[in-house]
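K.L.:
Predicted structure and sequence below. I'll ask about it afterward.
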Amino acid sequence: MGSEWKETEVDGANRRTMPFRIYDGSNESKKAPVVLYFGGGAFLDKGRDEESPIARAFANSGAVVIEADYAGPSENVFPKALEFAFAALRCLSAKRKVYGGRRSLLLVAGEEAGGNVAAGVALKARDQMPNEIDGQILLSPLIDPLMATVSFREAQETGMRDRWTEGWSHYLGSGGGYCHPYAAPSHCSRLSGVAPALILTSQDDPLRDEAADYAARLTAAGVKVRKRVLPACQGWTQIYDAEATAGCVPPAELRTEFENFVEGLENRTFCF
């Protein structure tokens, strides 16, 4: 079943509207996880017309996924983009029972630039809505504006280096966002207390080093982290070939990792 963008008013963003798209795989279960999902796009693209294969994979695992187009109304600029994304979380938190149930987990998730936004939202939620979200899922997150890791050198080969450089410049602008932990989570000096994390990358991902470093720093801060490096050429994230990815089915590993993460959170076993 397809899903369409719908405008919803959100509090905390000057009561402006934001497009949302709902992927419902819950079969009306009152325990279904509720996932607030932010798409990628290198801080340059707005919400795309086609469905996100990642959001659809989560829904096919039994979750209710709400994809928020934070980029459209915010023009993809910090802190406005983060404020819209956080307003979406507040809205969803207030309506958790509408989409799931009283016992539903509330998760934030994102890929690439959306992974940055999800990480920033998780940090802000720790500071302003403690214990409100149950977990964060970061897929190949774009979180280090220095772009100096060894794996990032591969971005030139994939044709993404110039695009990411332009995206960071656009997102951070001249407002000092480079120094703000919500804008550059990899440089956040205080990570303790943030929600447990599932961090996914792949063997041929130029962003894998910053993802691994963030996972290690979260772990050192006492945060429960499940990090997985998928085999190369999985096609599960749009950063390599957006057109091809839009029509592909995410690998079984993505659903499995999501389901294992949710099970660990629900049972508080934390076998990470």
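P.N.:
Arrived safely.
K.L.:
Count the neighbours of D127 for me.
P.N.:
Around D127 there are 12 other residues, counting by other Cβ atoms under 10 Å. C-betas here are computed from N, CA, C, even on glycine.
K.L.:
Could you tell me the per-residue confidence at it?
P.N.:
Confidence at D127, expressed as pLDDT, is 97.
K.L.:
can you check V10 too?
P.N.:
We note a pLDDT of 56 for V10 in this prediction.
K.L.:
One more: G159?
P.N.:
On the pLDDT scale, G159 is placed at 76.
K.L.:
how close does it get to S26?
P.N.:
Applying Cβ to Cβ, to the nearest Å, the value for G159 to S26 is 38 Å.
K.L.:
These two: which is more packed in?
P.N.:
Counted by other Cβ under 10 Å, G159 and S26 do not tie: S26 has more neighbours, with 20 against 10.
K.L.:
Contact partners for that one?
P.N.:
Contact analysis of S26 by Cβ atoms under 8 Å, 6 or more residues apart in numbering lists 32, 62-64, 100.
K.L.:
for the residue nearest the centre of the chain, what are its contacts?
P.N.:
When Cα atoms, centre = their mean is applied to the chain, the residue found nearest the centroid is G110 (1.6 Å). G110 makes contacts with 37-40, 116-119, 137-139, 141, as judged by Cβ under 8 Å, 6+ apart.
K.L.:
wait, what's in contact with L218?
P.N.:
191, 194, 197, 225.
K.L.:
Just those: which are in strands?
P.N.:
Among these, the members found in strands (DSSP state E) are 197, 225.
K.L.:
and which of the contacts of L218 is nearest to C179?
P.N.:
Set against C179, the nearest of these by Cβ to Cβ is L191 (16.2 Å).
K.L.:
in terms of contact, does that closest one touch A215 like I think?
P.N.:
No. L191 lies out of contact with A215 (Cβ atoms under 8 Å); the separation is 10.8 Å.
K.L.:
Just the buried positions in stretch 94-113, please.
P.N.:
Using 16 or more other Cβ atoms under 10 Å as the test for burial, stretch 94-113 gives 96, 99-101, 104-113.
K.L.:
Counting by contacts, list what whatever helix or strand A57 lives in packs against.
P.N.:
In this assignment (DSSP states H and E), A57 forms part of helix 53-60. Packed against helix 53-60, as judged by 3 or more Cβ pairs under 8 Å, 6 or more residues apart in numbering; DSSP states H and E, are the following elements: strand 17-24, strand 34-38, strand 64-68, strand 106-111, helix 252-267.
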